[in-house]
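1. The sequence and its predicted three-dimensional model are supplied below.
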Amino acid sequence: MRKAYDDWWTAVQPRPVNEDVPLATENAFATLYREQVATKK
């Protein structure tokens, strides 16, 4: 099982393309919620 994991880990290493992407400044779900609440009043 350990060998299978090591083989998988070696195979997926080139794929993490978003490792250095900066985080969003605000939570998108919170933004959408606030917009929905504001339009319902």
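-> Cool, the structure landed. Quick caveat: nothing in here was measured; it's all calculated off a predicted structure.
2. Distance of residue 15 relative to residue 7?
-> 14 Å (C-beta to C-beta, to the nearest Å). From N, CA and C alone the C-beta is placed, and that goes for glycine too.
3. So for these two, which sits in the more crowded spot?
-> Using other C-beta atoms under 10 Å, the more surrounded residue of residue 15 and residue 7 is residue 7, with 10 against 7.
4. And the more buried one, which helix or strand is it part of?
-> helix 2-12 (DSSP states H and E).
5. next helix or strand past that helix?
-> Defined by DSSP H and E, the subsequent element after helix 2-12 is helix 28-40.
6. Output that following helix as PDB, restricted to C-alpha atoms.
-> Only the C-alpha atoms of helix 28-40 are listed here, as PDB (Å, rounded to 0.1, in the frame of the first residue of the first chain):
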ATOM      1  CA  ALA A  28     -17.600  34.900  -2.400                       C
ATOM      2  CA  PHE A  29     -20.500  33.300  -0.600                       C
ATOM      3  CA  ALA A  30     -20.600  36.100   2.000                       C
ATOM      4  CA  THR A  31     -20.600  38.700  -0.800                       C
ATOM      5  CA  LEU A  32     -23.500  37.000  -2.600                       C
ATOM      6  CA  TYR A  33     -25.400  36.600   0.600                       C
ATOM      7  CA  ARG A  34     -25.100  40.300   1.400                       C
ATOM      8  CA  GLU A  35     -26.200  41.300  -2.100                       C
ATOM      9  CA  GLN A  36     -29.300  39.000  -1.800                       C
ATOM     10  CA  VAL A  37     -30.200  40.400   1.600                       C
ATOM     11  CA  ALA A  38     -29.800  44.000   0.400                       C
ATOM     12  CA  THR A  39     -32.200  43.400  -2.600                       C
ATOM     13  CA  LYS A  40     -34.900  41.800  -0.500                       C
END
